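K.L.:
For reference, the sequence and a predicted model appear below.
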Amino acid sequence: MEWLYKDAEDYRSYIRRGAFFKELDSAKTPEDLSWVHQLVHQSREFTQALCLRYSLCHDKTYQSIFARHAMEEVDHPDQLLAWMEEHGFLKDKLAGAPPTRETSNTLSYCWRIATREPHDVQIVALNLLSEGVALDFYNAVIPVLRRLNILSGRYWNVHSDIDDQHLRLGLETFGDVAPDSPKGQTYRRVLWQSADLYHQMLSSWVGKTAAPLPMLGAREVTYA
């Protein structure tokens, strides 16, 4: 399944060239990190979707995988809120801001995947792609927080430790799936949909509108 991992990495590479990552390095003060209020929505609802995924699973092959993922994420929203309180984010004018439309769209997709799709498709969307994007996000954000002298608590560093593990959870159950087989094409569609939504979501956090991601197919796609 190296092709699946490569496709996910290609999408992640495109997202890393997006507006969020371009603007992140220009942050001069904590006030430039207003996107943390959107991160609260993402952290809370993504974690809830993981817990629901586990509670709905009756397949012993996947139960332990889903349980581990949910248990290792369950306290992350509270850790994030504790960090925000420590550094004054809960007192600024954006505290309690509603999710952007793109954030809501992405979270709704995660909930749908967790409740409606087969277990292997859930792993493609909620592990391989979602946790891969999360790994890139935290690896980029942590140096900025350190530079601004607000890197504290468990929330940030724990992600850099476990997201690489989480993105690989469950892939060992897939067996050998050809990229051009019906199942392989399903995986590719789900990767593309997930990546496009995350790309739009992260761009919305810095007030930008992202162009749709091109879909990777059986042949290589060159991005402009």
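P.N.:
Arrived safely. Worth saying up front: this structure is predicted, and the values here are computed from it rather than measured. Numbers count the residues shown, from 1 in each chain.

K.L.:
Work out which residue lies at the spatial centre of the protein.
P.N.:
Nearest residue to the geometric centre of the chain (Cα atoms, centre = their mean): Ser130, 3.5 Å.

K.L.:
So that one sits against Cys110, correct?
P.N.:
Yes: applying Cβ atoms under 8 Å as the test, Ser130 and Cys110 come out as touching, 7.0 Å apart. Where you see a C-beta, it was placed from the backbone N, CA and C, and this is true even at glycine.

K.L.:
Quick check: neighbours shared by these two?
P.N.:
Common neighbours of Ser130 and Cys110, using Cβ atoms under 8 Å, 6 or more residues apart in numbering, are Phe46.

K.L.:
returning to that earlier point: list the contacts for the residue nearest to the centre of the chain?
P.N.:
By Cβ under 8 Å, 6+ apart, the neighbours of Ser130 are 46, 110, 167, 194, 198.

K.L.:
among those residues, who's most crowded?
P.N.:
Among the contacts of Ser130, Tyr198 has the most neighbours (other Cβ atoms under 10 Å), with 29 neighbours.

K.L.:
So which bits of the helix or strand hosting that residue are buried?
P.N.:
Element membership of Tyr198, judged by DSSP states H and E, is helix 182-204. Within helix 182-204, the residues that count as buried by 16 or more other Cβ atoms under 10 Å are 184, 186-188, 190-204.

K.L.:
same check, this time on stretch 64-72
P.N.:
Buried, per 16+ other Cβ under 10 Å, within stretch 64-72: 65-67, 69-70, 72.

K.L.:
circling back: please identify the helix or strand for the residue nearest to the centre of the chain.
P.N.:
helix 130-147.

K.L.:
can you give me how far the following helix or strand past that helix is from the chain middle?
P.N.:
Using DSSP H and E, the helix or strand that follows helix 130-147 towards the C-terminus is helix 155-168. Remark: helix 155-168 is offset 11 Å from the chain centroid, using Cα atoms, centre = their mean, to the nearest Å.

K.L.:
now do stretch 182-190
P.N.:
For stretch 182-190, the gap between its own C-alpha mean and the chain's C-alpha mean amounts to 19 Å (Cα atoms, centre = their mean).
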